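Peer 1: sequence? don't have it. structure:
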(Lines give C-alpha, C1' and ligand atoms only; values in the text may rest on other atoms or scores of the structure.)
Protein backbone atom coordinates (compact mmCIF):
# COMPACT_ATOMS: atom_id res chain seq x y z
CA UNK A 1 0.00 0.00 0.00
CA UNK A 2 1.46 3.31 -1.13
CA UNK A 3 0.04 5.21 1.89
CA UNK A 4 1.54 3.02 4.65
CA UNK A 5 3.92 4.87 6.95
CA UNK A 6 3.10 8.17 5.30
CA UNK A 7 1.32 11.33 6.35
CA UNK A 8 -0.53 13.99 4.30
CA UNK A 9 0.79 17.58 4.47
CA UNK A 10 -0.06 20.90 2.84
CA UNK A 11 2.47 23.69 2.32
CA UNK A 12 1.67 26.73 4.46
CA UNK A 13 3.18 30.21 4.53
CA UNK A 14 3.39 30.64 8.31
CA UNK A 15 2.87 33.90 10.21
CA UNK A 16 6.64 34.11 10.82
CA UNK A 17 7.20 34.16 7.04
CA UNK A 18 8.63 30.64 6.90
CA UNK A 19 7.15 27.88 4.76
CA UNK A 20 6.18 24.70 6.66
CA UNK A 21 4.49 21.45 5.81
CA UNK A 22 1.34 21.31 7.95
CA UNK A 23 -0.23 17.93 8.72
CA UNK A 24 -3.94 17.47 8.15
CA UNK A 25 -6.39 16.78 10.97
CA UNK A 26 -6.99 13.04 11.60
CA UNK A 27 -10.59 13.21 10.33
CA UNK A 28 -9.40 14.85 7.10
CA UNK A 29 -6.60 12.32 6.66
CA UNK A 30 -9.21 9.54 6.71
CA UNK A 31 -11.19 11.33 3.97
CA UNK A 32 -8.07 12.00 1.87
CA UNK A 33 -6.83 8.40 2.20
CA UNK A 34 -10.23 6.99 1.27
CA UNK A 35 -10.54 9.24 -1.79
CA UNK A 36 -6.99 8.43 -2.94
CA UNK A 37 -7.55 4.67 -2.65
CA UNK A 38 -10.91 4.90 -4.45
CA UNK A 39 -9.22 6.76 -7.34
CA UNK A 40 -11.43 9.83 -6.84
CA UNK A 41 -10.20 13.00 -8.60
CA UNK A 42 -10.73 15.20 -5.52
CA UNK A 43 -11.92 15.27 -1.94
CA UNK A 44 -13.60 17.94 0.18
CA UNK A 45 -12.24 18.47 3.70
CA UNK A 46 -12.66 20.76 6.72
CA UNK A 47 -16.45 20.62 6.43
CA UNK A 48 -16.31 21.39 2.70
CA UNK A 49 -14.26 24.56 3.15
CA UNK A 50 -11.29 23.16 1.21
CA UNK A 51 -10.82 20.68 -1.59
CA UNK A 52 -7.81 18.67 -2.60
CA UNK A 53 -7.45 17.90 -6.30
CA UNK A 54 -5.19 14.87 -6.69
CA UNK A 55 -2.19 14.74 -8.99
CA UNK A 56 -1.95 11.12 -10.11
CA UNK A 57 0.95 11.46 -12.53
CA UNK A 58 2.91 9.18 -10.18
CA UNK A 59 0.63 6.87 -8.19
CA UNK A 60 3.60 5.83 -6.02
CA UNK A 61 4.01 9.42 -4.82
CA UNK A 62 0.58 10.70 -3.71
CA UNK A 63 0.20 14.45 -4.13
CA UNK A 64 -2.17 17.19 -5.18
CA UNK A 65 -3.24 20.77 -4.68
CA UNK A 66 -5.45 22.29 -2.00
CA UNK A 67 -7.94 25.05 -2.81
CA UNK A 68 -10.11 27.26 -0.61
CA UNK A 69 -13.63 26.40 -1.71
CA UNK A 70 -15.02 29.67 -0.37
CA UNK A 71 -13.01 31.92 -2.72
CA UNK A 72 -13.93 32.58 -6.33
CA UNK A 73 -10.33 32.54 -7.63
CA UNK A 74 -8.34 30.68 -5.00
CA UNK A 75 -4.65 30.06 -5.29
CA UNK A 76 -3.52 26.52 -4.64
CA UNK A 77 -1.25 25.03 -2.02
CA UNK A 78 0.88 22.00 -2.67
CA UNK A 79 -0.19 18.76 -0.98
CA UNK A 80 2.03 15.72 -0.47
CA UNK A 81 1.92 12.37 1.24
CA UNK A 82 5.37 11.61 2.61
CA UNK A 83 7.11 9.34 5.10
CA UNK A 84 7.03 10.96 8.50
CA UNK A 85 8.13 9.97 11.98
CA UNK A 86 7.91 11.84 15.30
CA UNK A 87 11.56 12.87 14.99
CA UNK A 88 11.17 14.08 11.40
CA UNK A 89 11.88 17.80 11.28
CA UNK A 90 11.57 18.35 7.54
CA UNK A 91 10.21 16.85 4.35
CA UNK A 92 12.15 17.55 1.15
CA UNK A 93 14.18 20.17 3.05
CA UNK A 94 11.14 22.16 4.23
CA UNK A 95 10.38 22.14 7.98
CA UNK A 96 7.30 20.30 9.24
CA UNK A 97 4.89 21.57 11.86
CA UNK A 98 3.87 19.03 14.50
CA UNK A 99 0.19 20.05 14.68
CA UNK A 100 -2.55 20.86 12.16
CA UNK A 101 -3.96 24.39 12.10
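Peer 2: Structure's in. What do you need? Being a predicted model, the structure only gives us computed values, none of them experimental.
Peer 1: Off-centre distance for the helix or strand bottoming out on mean pLDDT in the chain?
Peer 2: Ranked by mean pLDDT, DSSP states H and E, the weakest helix or strand in the chain is strand 90-91, scoring a mean of 90. Taking C-alpha atoms, centre = their mean, to the nearest Å, one finds the center of strand 90-91 at 13 Å from the center of the full chain.
Peer 1: try stretch 15-24
Peer 2: Using C-alpha atoms, centre = their mean, the offset of stretch 15-24 from its chain centre is 12 Å.
Peer 1: Start and end of it, how far apart?
Peer 2: Chord length of stretch 15-24, first to last residue, is 18 Å (C-alpha to C-alpha, to the nearest Å).
Peer 1: Need the residues that contact that stretch.
Peer 2: 7-14, 29, 32, 45, 80, 82, 84, 90-91, 94-101 (C-beta atoms under 8 Å, 6 or more residues apart in numbering). Bear in mind the C-beta positions are built from the backbone N, C-alpha and C, glycine included.
Peer 1: ok, back up a step: mind listing the strands the least confident helix or strand of the chain pairs with, and their directions?
Peer 2: Within its sheet, strand 90-91 is paired with strand 94-95 (antiparallel), according to DSSP bridges.
Peer 1: ok, and what's touching the strand it pairs with?
Peer 2: 11, 18, 19, 20, 21, 89.
Peer 1: Check those against residue 51 and report the nearest one.
Peer 2: Using C-beta to C-beta, residue 11 comes nearest to residue 51 of the contacts of strand 94-95, at 15.8 Å.
Peer 1: returning to what we had before: keep only those of the contacts of strand 94-95 that are in helices.
Peer 2: Using DSSP state H, no member of those falls within helices.
Peer 1: Return the member of those residues nearest to residue 67.
Peer 2: Nearest to residue 67 among these, with distances taken as C-beta to C-beta, is residue 11, at 13.1 Å.
Peer 1: Contact partners for the closest residue to that closest one other than its chain neighbours?
Peer 2: Closest residue to residue 11 apart from its sequence neighbours, by C-beta to C-beta, 6 or more residues apart in numbering: residue 78 at 4.4 Å. Listed by C-beta under 8 Å, 6+ apart, the contact set of residue 78 reads 10, 11, 63, 65, 66.
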